[in-house]
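> quick one, what's the 3D model for this:
(one chain, ligands or ions: 1)
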Amino acid sequence: MHSINVLSVSKQEKYEELLPQIEALVSHETNLIANMANVCAALKFNFNWLWVGFYLAIDEELVLGPFQGPVACTRIKKGQGVCGASWQENRSIVVANVHEFPGHIACSSLSNSEIVIPIYTNAKKFLGVLDVDSEELNYFDQIDLKYLELLVNKLFK
Ligand code: SME
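Now for the predicted structure:
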């Protein structure tokens with residue numbers, strides 16, 4: 001019976017279980033890069049997404065930060081692709097089908113859907129974005145949006 005329960009764990013239950021673990025994981029470390037690296041590893045290991053990583057705002061560009069997955073493009077300008085649009089529009093963006101998103105930057109031909117969450121400090125300074133790619137079309141939903149926003153808001157202030 002136990003194995004049936006494990007197999008049917010919902011996405012929401014996974015996030016509920018994982019987020020406190022991630023919080024604990026990063027709570028003793030103040031270095032942003034180290035914490036971002038562990039967040040990527042924890043998310044990738046648990047969700048098996050194609051790509052999960054951070055782009056950091058440096059000198060008016062997004063520069064590739066810690067990530068897990070295939071190699072990715074290193075620099076994205078404001079307004080470019082999903083990441084640059086999220087920065088420009090100051091909002092999270094869920095893309096059901098990346099092939100239909102104007103200007104989408106295809107780092108991997110295997111990616112079919114994507115979610116990007118902008119990260120701000122308490123002082124409203126823009127730090128960068130969390131970007132996740134899935135091989136599944138229409139993978140990301142309101143649950144991913146809610147928990148990934150919660151995650152970055154709690155962790156990176
Ligand atoms: N697809 C992103 C670029 C980054 S990769 O997905 C890792 C975009 O359009 O901004």
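
> and Trp51, how far from the ligand?
Trp51 sits 5 Å away from the ligand, going by C-beta to the nearest ligand atom, to the nearest Å. C-betas here are computed from N, CA, C, even on glycine.

> that residue: neighbouring residues, count only.
By the criterion of other C-beta atoms under 10 Å, Trp51 has 22 neighbours.

> quick check on it: phi, psi?
phi -150, psi 140 (degrees, to the nearest 10).

> what about the residue nearest to it when sequence neighbours are not counted, neighbour count?
Once flanking residues are discounted, Trp51 sits nearest to Gly69: 3.2 Å by C-beta to C-beta, 6 or more residues apart in numbering. Gly69 is flanked by 19 other residues according to other C-beta under 10 Å.

> check contacts around Gly69.
Gly69 makes contact with 44, 49-53, 108, 133 under the criterion C-beta atoms under 8 Å, 6 or more residues apart in numbering.

> Gly53 too?
So Gly53 contacts 40, 64-69, 72, 130-131 (C-beta under 8 Å, 6+ apart).

> contacts only, for Val39.
By C-beta under 8 Å, 6+ apart, the contact list for Val39 reads 22, 25-26, 66, 151, 155.

> got a pLDDT number for it?
Val39 carries a pLDDT value of 97.

> tell me the SS of it?
helix (DSSP: H, G, I helix; E, B strand; the rest coil).

> need the per-residue pLDDT for Leu56.
Looking at Leu56, the pLDDT reads 98.

> ditto for Ser27
pLDDT, Ser27: 92.

> run a quick neighbour tally on it.
For Ser27, the number of neighbouring residues by other C-beta under 10 Å comes to 10.
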